[in-house]
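Asker: Dropping a prediction and its sequence here:
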Amino acid sequence: MIARIVLTAALLLTTPALAQEAPKSLEAIYDVPTVTTLAAAKTHVMRVAFTDGYGQPAGLVSFLRAPGQEPRVEVGGGKAPMTAIISAATWRDLVEDSAGFDIVPAPPPPPEPGKVSELSLCMHAWGVTIETVDARGDIRRRSEGACQKGAAMRYGFALAKAAIAALPACATLDAARTRNAVTQLADCALLSGDRAAAAEAYNVWKTPGFARPPGPDFARPLGGLFFDQAEVTWPGAPMAKGMFAASEAWVARGPDQYFQPRKVIGESADLVRMQGVIWTRPNADATYVSVPATLVMTRENGFGFRVRSFKPD
């Protein structure tokens, strides 16, 4: 048999079997009840846990219907997950779509003697673990990686997309500016306060080339994202004031300084505060250190959200 190797970098996680350490249960990771506990409480469940291409937990989405309660979605776990009531129609559609998620994909046919075959090596694939409890209390589970190209992966991402649709602020985020539905939900978890405003400002933050500009040539194209009297200050640099001065200061910092938002707080419909850290290092061989910083965006004078100020705390 003649083999031709095909390398595939899957967009979605490594399967749990490839992890070097025994993985924690999703109940321990996300602080949620087991499906056995939920089944005992007669709660209907459709739940998916995602792993990224490096085997790390990437998110949990749960659709739940407890006795005497409306169906709802929860994203994450613990004491404060993102949650919303969903329609009966959405619930029925998800229940119907769950019918075949645990079907194991058929193996590929064996190669024909004397013919060239392809040996596909799929790397950095995402993974899902899906658990459901149906109306009879029956529990079903399946773990699957993207390289398997099975129904569980498709259904897991359908659940993530349904969660986005049920959470207006999450749906406001620009799907084209994130990797997939799971990372969109992770971005959404940063939002608080007036989450609608926070989502709109975060879309501006995710403008291609803005967060980490490729070079000084981007100063003028990005100038429109700064307020007329914007003030930008990087650690160890003087404050730059004005639209184009601020834009030039923003892009001039080079690849060794960048801002990472950790909270995006809508303080009003037209004012959003991003709290996070500046990662900085003196040169490419040094270790990054973090400096707390705040970026403020406002919507005024007929424009959309623009940077009003940025400085270390």
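Answerer: Received, thanks.
Asker: could you give the mean pLDDT of stretch 178-189?
Answerer: Stretch 178-189 carries an average pLDDT of 96.
Asker: Check stretch 124-136 too.
Answerer: pLDDT averaged over stretch 124-136 equals 93, rounded to a whole number.
Asker: buried stuff in that stretch?
Answerer: Neighbour counts over stretch 124-136 (16 or more other Cβ atoms under 10 Å) mark 124-133 as buried. Bear in mind the C-beta positions are built from the backbone N, C-alpha and C, glycine included.
Asker: Restricted to strands, list those residues.
Answerer: Under the assignment DSSP state E, the buried residues of stretch 124-136 contribute 127-133 to strands.
Asker: now for the longest strand seen in the chain, which elements pack on it?
Answerer: Longest strand of the chain, by residue count under DSSP E: strand 257-268. Strand 257-268 sits against strand 191-193, helix 195-205, strand 271-280, strand 289-298, with contacts defined as 3 or more Cβ pairs under 8 Å, 6 or more residues apart in numbering; DSSP states H and E.
Asker: List the contacts of whatever helix or strand comes next after the second one.
Answerer: Looking back up the chat, that one is helix 195-205. Next along the chain after helix 195-205, taking DSSP states H and E as the criterion, comes strand 226-232. With contact meaning Cβ atoms under 8 Å, 6 or more residues apart in numbering, strand 226-232 is reached by 239-247, 249-250, 298, 300-301, 306-311.
Asker: low-confidence ranges in the stretch 1-150 of the chain?
Answerer: Where the stretch 1-150 of the chain drops to pLDDT under 70, the residues are 1-23, 116-119.
Asker: Could I get the full set of helices for it?
Answerer: For the stretch 1-150 of the chain, the helices defined by DSSP state H, counting those that start in this stretch cover 26-30, 35-40, 88-97.
Asker: Dump those to TSV, plus mean neighbour count and distance to Ala152.
Answerer: Below are the helices of the stretch 1-150 of the chain laid out as TSV (neighbours: other Cβ atoms under 10 Å; distance: least, Cβ to Cβ, whole Å):
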stretch	mean neighbour count	distance to Ala152
helix 26-30	16	14
helix 35-40	16	15
helix 88-97	14	12
